[in-house]
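>>> coordinates only, sequence not included:
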């Protein structure tokens, strides 16, 4: 509207209108030149960061190519050795700033570009223009590009949904195959069990027909199955008896036995090690005792883990165990060592007493033997 007004005023015979048109054109030209030449320092740094000319003469295609080149170098997901998240963020900010500056500078010429697009440019250009973006969309190239991007996003989303649906169907089919296989195996086991039961029943009937079950010892008397525990469940008792007869032991029983054996071995090591040392200990013996305690501490840590596993599988709460403590085991070893030394001392005293009695007995026998010889000599002399 402003351009039309200036044109009408210039066509009139009023000379001041012409001067107004000239002045308006000069002001527009001055503004354009000033907007091109006056670039802030931050914008110049953005151009330099993108490795472009800081005068603002780069085209959008050059700016985009520079951004993509730097993104391949500094993007954190590129896998390159020069990847740097902080530097990539600065490159992205510089790219946005340059695009914003170029959009402001190119904005006055957009109307002329749209008018140029409306003009026919030959028969080949519309055909080539239609082939871009797979012939999708309508409007200006920027509008068609946005439409094409949205269509690509929709396609990608649809492909992801189709892929997930195929995966779910494949997983369901695999699960169904597993269930079918389990059913077949279970039915096969049932058939085998039924066949064995029929075979046993047939053998029992044949034996009864031959009279093998006649005149059996204890016929008509009750079976003494539960002599030890008459209040136990018959099924549980039979199952336990079958397991015991076949050498089976529950896991918690085996674990309990392993814990007891390991604890007894550790206690014997501590007791023997402390008994070999003196009381009180010398510095060398003290260092040996500390080394032994350190090795026992590691073994107790492993044993306590085994105790935790045992407490999780033991069927009765009152059979659970507590952790083994190193100070408690050391105190127990020291008491045992003192008791062992006292017992050894008592045995030595007993041995001394026994030897003293034997020596006294031998001395008495020698004395008696001498007296006997004296009596014999006296009798012989008289």
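Cool, the structure landed. Not measured: the values here are computed from a predicted model. Residues are numbered from 1 along each chain as shown.
>>> going forward, measure contacts between C-alpha atoms and count neighbours the same way
Noted.
>>> Three-state assignment for residue 173, please.
What DSSP: H, G, I helix; E, B strand; the rest coil gives for residue 173 is helix.
>>> no wait, residue 220
For residue 220, the assignment made with three-state DSSP gives coil.
>>> In contact with it, which residues?
For residue 220, no contacting residues are found, by Cα atoms under 8 Å, 6 or more residues apart in numbering.
>>> What is the burial count for residue 211?
10 (other Cα atoms under 10 Å).
>>> mind checking the backbone torsions on it?
phi 90, psi 20 (degrees, to the nearest 10).
>>> Residue 169 too?
Taking degrees, to the nearest 10, you get phi -60, psi -40 for the backbone angles of residue 169.
>>> now do residue 80
Backbone torsions for residue 80, taken as degrees, to the nearest 10, come to phi -80, psi 150.
>>> Isn't it up against residue 70?
No: in this structure, residue 80 is not within contact of residue 70 by Cα atoms under 8 Å, at 11.6 Å.
>>> Look at the two and report which has more neighbours.
Counted by other Cα under 10 Å, residue 80 and residue 70 do not tie: residue 70 has more neighbours, with 18 against 12.
>>> what sits against residue 98?
43, 46, 47, 63.
>>> One more pass at 7 Å, please.
Residue 98 makes contacts with 43, 46, 47, as judged by Cα atoms under 7 Å, 6 or more residues apart in numbering.
>>> what helix or strand is it on?
Residue 98 belongs to helix 85-106 when assigned by DSSP states H and E.
>>> now do residue 357
Using DSSP H and E, residue 357 sits within helix 326-381.
>>> what's the answer for residue 64, then?
Going by DSSP H and E, residue 64 is part of helix 60-74.
>>> That helix: which residues count as buried?
Going by neighbour count (16 or more other Cα atoms under 10 Å), the buried part of helix 60-74 is 63, 66, 67, 68, 70, 71, 72, 73, 74.
>>> what's the angle from that helix to helix 85-106?
Inter-element angle recorded for helix 60-74 and helix 85-106: 180 degrees (by axes from the mean of the first three to the mean of the last three Cα atoms, to 10 degrees).
>>> This protein: helices as residue ranges?
Using DSSP state H, the helices found in the chain span residues 2-11, 15-37, 41-49, 60-74, 85-106, 110-118, 124-131, 141-210, 234-245, 251-276, 283-313, 326-381.
>>> tell me the mean pLDDT over the last one?
Put plainly, it is helix 326-381. Throughout helix 326-381, pLDDT has a mean value of 82.
>>> Please apply the same query to the fifth one.
Per-residue pLDDT values over helix 85-106 give a mean of 82.
>>> ok so, going back, reformat the helices of the chain as CSV; add distance to residue 220.
Conversion of the helices of the chain to CSV gives the following (distance: least, Cα to Cα, whole Å):
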stretch, distance to residue 220
helix 2-11, 126
helix 15-37, 120
helix 41-49, 106
helix 60-74, 95
helix 85-106, 92
helix 110-118, 114
helix 124-131, 102
helix 141-210, 16
helix 234-245, 20
helix 251-276, 39
helix 283-313, 43
helix 326-381, 59
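>>> Pick out the shakiest of those helices, pLDDT-wise.
helix 2-11 (a mean of 38).
>>> contacts for stretch 271-290?
With Cα under 7 Å, 6+ apart as the test, stretch 271-290 has contacts from 333, 334, 336, 337.
>>> Name the residues of it that come out as buried.
271, 273, 274, 275, 277, 285, 289.
>>> what's the first-to-last distance across it?
14 Å (Cα to Cα, to the nearest Å).
>>> and it, how far out from the chain's middle?
Centroid separation for stretch 271-290 versus its chain: 45 Å, with Cα atoms, centre = their mean, to the nearest Å.
>>> what does stretch 53-70 give?
With Cα atoms, centre = their mean, you get 46 Å for stretch 53-70.
>>> for stretch 50-60, same thing?
Mean-position distance between stretch 50-60 and its chain equals 50 Å (Cα atoms, centre = their mean).
>>> Stretch 283-297 now?
For stretch 283-297, the distance to the chain centre is 37 Å (Cα atoms, centre = their mean).
>>> any idea what sits nearest residue 58, other than its immediate chain neighbours?
Nearest non-adjacent residue to residue 58, counting by Cα to Cα, 6 or more residues apart in numbering: residue 52, 7.1 Å away.
>>> quick one, phi psi at the one you found?
Backbone phi and psi, for residue 52 under degrees, to the nearest 10, turn out to be phi -120, psi 170.
>>> quick check, nearest of the buried residues of helix 60-74 to residue 261?
Lowest distance from residue 261 to the buried residues of helix 60-74 (Cα to Cα) belongs to residue 74, with 62.4 Å.
>>> Let me know the closest of the contacts of residue 98 to residue 204.
So of the contacts of residue 98, ranked by how close each gets to residue 204 (Cα to Cα), first place is residue 46, at 98.8 Å.
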